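S.K.: predicted model follows, preceded by the sequence.
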Amino acid sequence: QVQLVESGGGLVQPGGSLRLSCAASGTTLDYYAIGWFRQAPGKEREGVSCISSSGGFRYYADSVKGRFTISRDNAKNTVYLQMNSLKPEDTAVYYCARGKLPNLRWADYDYWGQGTQVTVSS
């Protein structure tokens with residue numbers, strides 16, 4: 001059974017940092033792209049970043065470019081999202097998902113984690 005579990009969310013002040021982790025079980029992430037998405041209350045799900053299976057291709061939404069960094073450790077079957085210079089508008093539930101190709105189209109991802117809450121507030 002494929003499971004993705006996000007962790008690392010929490011409450012942080014504006015300008016602060018968090019590192020999210022997406023740990024997989026029941027699947028080997030080596031062959032899959034991973035995407036990070038987020039959804040704020042009353043808003044549509046938004047693609048944040050994605051990474052190819054090898055890690056050689058990474059893509060970021062304009063809203064997070066230069067502040068967030070996606071990485072992966074296939075030996076640990078885990079993908080990370082380092083979030084720096086956080087803003088209140090980054091507040092959302094963050095999800096990781098498994099897909100075949102790295103893009104920010106949520107419909108292209110087949111397995112999703114349960115999400116982790118990130119709240120940026122003073």
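M.R.: Thanks, I have the structure now.
S.K.: okay, CA-based contacts and neighbour counts for the rest of this
M.R.: OK.
S.K.: ok, the closest residue to Val2 other than its chain neighbours - contacts?
M.R.: What sits nearest to Val2 in space, not counting adjacent residues and going by Cα to Cα, 6 or more residues apart in numbering, is Gly26, at 4.3 Å. Counting by Cα atoms under 8 Å, 6 or more residues apart in numbering, Gly26 makes contact with 1-3.
S.K.: show the buried residues in these.
M.R.: For the contacts of Gly26, a burial check counting by 16 or more other Cα atoms under 10 Å picks out Gln3.
S.K.: which ones among the contacts of Gly26 are found in strands?
M.R.: Among those, the members found in strands (DSSP state E) are Gln3.
S.K.: what pairs with the helix or strand Val5 falls within, parallel or antiparallel?
M.R.: Counting by DSSP states H and E, the element that carries Val5 is strand 3-7. Its sheet considered, strand 3-7 pairs with strand 18-25 (antiparallel) by DSSP bridges.
S.K.: next one: the helix or strand that the partner strand is followed by to chain centre, how far?
M.R.: Note on strand 18-25: by DSSP H and E, the next helix or strand toward the C-terminus is strand 33-39. The chain centroid and the centroid of strand 33-39 are separated by 4 Å under Cα atoms, centre = their mean, to the nearest Å.
S.K.: spatially nearest residue to the residue nearest in space to the middle of the chain (excluding sequence neighbours)?
M.R.: The C-alpha lying nearest the average C-alpha coordinate of the chain belongs to Trp36 (Cα atoms, centre = their mean; 2.7 Å). Nearest residue to Trp36 in three dimensions, chain neighbours excluded: Cys96, at 4.5 Å (Cα to Cα, 6+ apart).
S.K.: thank you, goodbye.
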